[in-house]
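>>> This is the structure alone, sequence omitted:
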């Protein structure tokens, strides 16, 4: 008998039939002899509807009250799923975040998990109940309801899997698993049977949206074995674990992120400390910088280019213009018509040819590379947005064949 | 500075404009220097929508899970009201039932209030917050969410008013207060400035729907001063308190209840214990009996007529037919085409003429009385349903004039 934590997102519980589908998956797993804990998100558009309702009344409502409001979305879907499971004759109980022992800090809307007291959940499992937990939410030390922000339900599932020492944490999605590329761009992309945490992290942070990177980080840190699988098709998904034997596969996937903007500062004085001033200014305003390129084309002057999330472009630009005098640059150029395409693979550590093969494939397709960034397990290139799909296709073709 | 508890029902918070209206009432009261605690029901049709959603999935969902689901209705309206009050620049915090300290027994869907721990509410009031409490809900000793059933939000308001030793508990409705009769039946019915708990109880249990009788009982027992008033018109409502000086007014109101059915058992043996057997059988099945009439028209036989709530008629009839042999009656007759009309007034204790005046007025209007029931402060008659409106009108005319 294993203990399995299963997470279902908002689209998997969006209506009555989908709730029944989830109830079938869950009760089948219990019939197979497992102890089952389920973490659910709010149904379909519930969260957006509540956000809209609140915005109509007060566009700057406090995060504390927004958490109070939004947490109901998950509480309702947990209760509705429990009601559906009851109908199938299975003992079940739904629990809110606070009932399930999810303790967080007080950073409303983006709270961090501090601890999980799994006593209640264990007690319900001992009573042979399926336990349905409202994801995305917890309670702070003052007894206030909190929500834990982006990727909250994935992270909730991983946190409970760790606290309960579960054998497996299954993240159900609307795709069959993790693919070598987005099947909408590369129709012959292949589902991976397994992938390492580090690769999954690169893929997650690079735009593959199957798993919130925060939940992967937590799973890696707390050694929780993950599986990404479909809630609509019965087939094995992709296992995410510490070490995956790649059998000579250098690259495990190709990802892309179009939510990127590039900023270039032209004609900076070539004196020590210039770059530090630029990036500490941005850091003070919590703007994350990704790829950085520094060129020294001219005498006594240099250019610095870097990327930020597209959503940060306006603020970053305003900041840099505001400090033009102290930073002392000649010209500021920005572009948000760019895309970051990456090849990810633990295998490339021992195969230094990956980057070269990738660049050659792009060159053969006439795609110009604007910037390059590499880590031990990935190579990212910045290209024109118009070339994005084609870049993913030719890189995938290069490493995975026809 | 007074501490005032204000309760707003579902129709008073049904949409954005109504929420803003409630926020205005509440912030005005605070601007007048009062400490304000607000108890809210779920918005408009929220509860019905949730009930419908659950029924589509499982028509016999557990009451525990239904409570988990339904409690969200009040939690959402509490958060939305707080968000609306924030917009008006007033410090405010919303609390669920459990956060506010509402402790109940475990009788899900109809839990009884066991205790209120007002510490959190007091703390928030000390911080100068308006406190918005989700009505209708609490928590049991296992940490499960409960709902307290019919009249839940009125009762929540009274319970907090008592626990906080509030100066006044205001129940906002869509009418201006308690009237001498239902203004839809008697257009010239008058609003009462004040009424005693006992009269209010008779009126509430007799079909006047401004206040749940359970909340009036609690207010009487815990000595909470109530006011029933309009959430849409700014004018004083009706005060409900222990003793009201009636200034020669014998009758304070006329009420009617069409939700009544009459059962007659004809030809029962005239031996001791017959009536006891009938009514203990019904009591065992939790069927409340209201008016009872016993006649001894024939030798060795008697008839017993009594009324039950219309909703209990089918069950009561089936029970009595099932036990026909042991009860040994000749015939069973039922009718649900009847109405109970009552005149209520603390003044009638010292004015024995009230019943006679009422019967005469009905007789003059040609309305036949089927059964009569009296208490110290009310006279009720059972009449044909078709005469109901007219009966209310002529009795009101008799005691309140033209």
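Happy to help now that I have it. It should be emphasised that the depicted structure is a prediction, and the values quoted were computed from it without experimental measurement.
>>> Report the strands that pair with the longest strand anywhere in chain A, each with its relative direction.
If you go by DSSP state E, chain A has its longest strand at strand A:253-269. Partners of strand A:253-269 in the sheet, by DSSP bridges, are strand A:301-309 (antiparallel), strand A:331-344 (antiparallel).
>>> can you pull out the helices in chain A?
Taking DSSP state H as the test, the helices found in chain A are A:16-31, A:46-57, A:63-87, A:97-100, A:119-126, A:152-163, A:197-205, A:213-222, A:274-284, A:313-322, A:324-327, A:354-364, A:388-400.
>>> and of these, who's closest to residue B:225?
Smallest distance to residue B:225 across the helices of chain A (Cβ to Cβ): 30.4 Å, for helix A:63-87. For the C-beta atoms, the positions are set from N, CA and C on the backbone; glycine is no exception.
>>> The closest one to helix A:152-163, inter-axis angle?
70 degrees (axes from the mean of the first three to the mean of the last three Cα atoms, to 10 degrees).
>>> any bit of helix A:63-87 sitting next to chain B?
Yes - using Cβ under 8 Å from any Cβ of the partner chain as the criterion, contacts between helix A:63-87 and chain B involve A:64-66, A:68-69, A:71-72, A:75-76, A:78-80, A:82-84, A:86-87.
>>> Between helix A:46-57 and that helix, find me the angle.
Using the same axes, to 10 degrees, helix A:63-87 lies at 150 degrees relative to helix A:46-57.
>>> Mind telling me which of the strands paired with strand A:253-269 the model trusts least?
Among those, strand A:301-309 has the lowest mean pLDDT, at a mean of 88.
>>> Please list the outside residues in contact with it.
A:259-270, A:274-275, A:278-279, A:282, A:287-297, A:316, A:330, A:338, A:340, A:371, A:382 (Cβ atoms under 8 Å, 6 or more residues apart in numbering or on different chains).
>>> picking that back up, buried only: go through the residues of helix A:63-87 next to chain B for me.
Buried members of the residues of helix A:63-87 next to chain B, scored by 16 or more other Cβ atoms under 10 Å in any protein chain shown, are A:64-66, A:68-69, A:71-72, A:75-76, A:78-80, A:82-84, A:86-87.
>>> ok, back up a step: are any of the contacts of strand A:301-309 buried, and which?
A:260-268, A:274, A:278, A:282, A:287, A:289-291, A:293, A:316, A:338, A:340, A:371, A:382.
>>> what is the mean pLDDT for the longest strand of chain A?
Here the average pLDDT along strand A:253-269 is 91.
>>> Show me the contact partners of the lowest-mean-pLDDT helix or strand in chain A.
When the helices and strands of chain A are scored by mean pLDDT, DSSP states H and E, strand A:289-298 comes last with a mean of 78. Here strand A:289-298 makes contact (Cβ under 8 Å, 6+ apart) with A:260, A:267, A:270, A:275, A:279, A:282-283, A:302-309, A:340, A:371-373, A:380, A:382.
>>> What strands line up against it, and which way round?
For strand A:289-298, pairing defined by DSSP bridges yields strand A:301-309 (antiparallel).
>>> got the angle between the strand it pairs with and helix A:274-284?
Here strand A:301-309 runs at an angle of 20 degrees relative to helix A:274-284 (the same axes, to 10 degrees).
>>> ok now strand A:301-309, how far from the chain's centre?
Its chain's average C-alpha position is 26 Å from that of strand A:301-309, according to Cα atoms, centre = their mean, to the nearest Å.
>>> got the buried residues for it?
In strand A:301-309, counting by 16+ other Cβ under 10 Å, buried: A:302, A:303, A:304, A:305, A:306, A:307, A:308.
>>> Could you do stretch A:175-195 as well?
A:175-182, A:185-186, A:189, A:191-192, A:194-195.
>>> And for stretch A:212-222?
A:212, A:213, A:214, A:215, A:216, A:217, A:218, A:219, A:220.
>>> Might you report the residue contacts of the nearest residue to residue A:146 once chain neighbours are set aside?
Among residues not flanking residue A:146 along the chain, residue A:111 sits closest, at 4.0 Å (Cβ to Cβ, 6 or more residues apart in numbering or on different chains). Counting by Cβ under 8 Å, 6+ apart, residue A:111 touches A:104, A:105, A:138, A:140, A:146, A:147, A:148, A:149.
>>> now do 6 Å
Contacts for residue A:111 (Cβ atoms under 6 Å, 6 or more residues apart in numbering or on different chains) come out as A:104, A:105, A:146, A:148.
>>> my read: the third one touches residue A:66, true?
Read that as residue A:146. No - at 10.5 Å, residue A:146 does not count as touching residue A:66 under the criterion of Cβ atoms under 6 Å.
>>> Skipping its backbone neighbours, what lies nearest the residue of the stretch 301-402 of chain A found nearest chain B in space?
Residue of the stretch 301-402 of chain A nearest chain B, by Cβ to the nearest Cβ: residue A:311 (24.7 Å). Nearest residue to residue A:311 in three dimensions, chain neighbours excluded: residue A:259, at 7.3 Å (Cβ to Cβ, 6+ apart).
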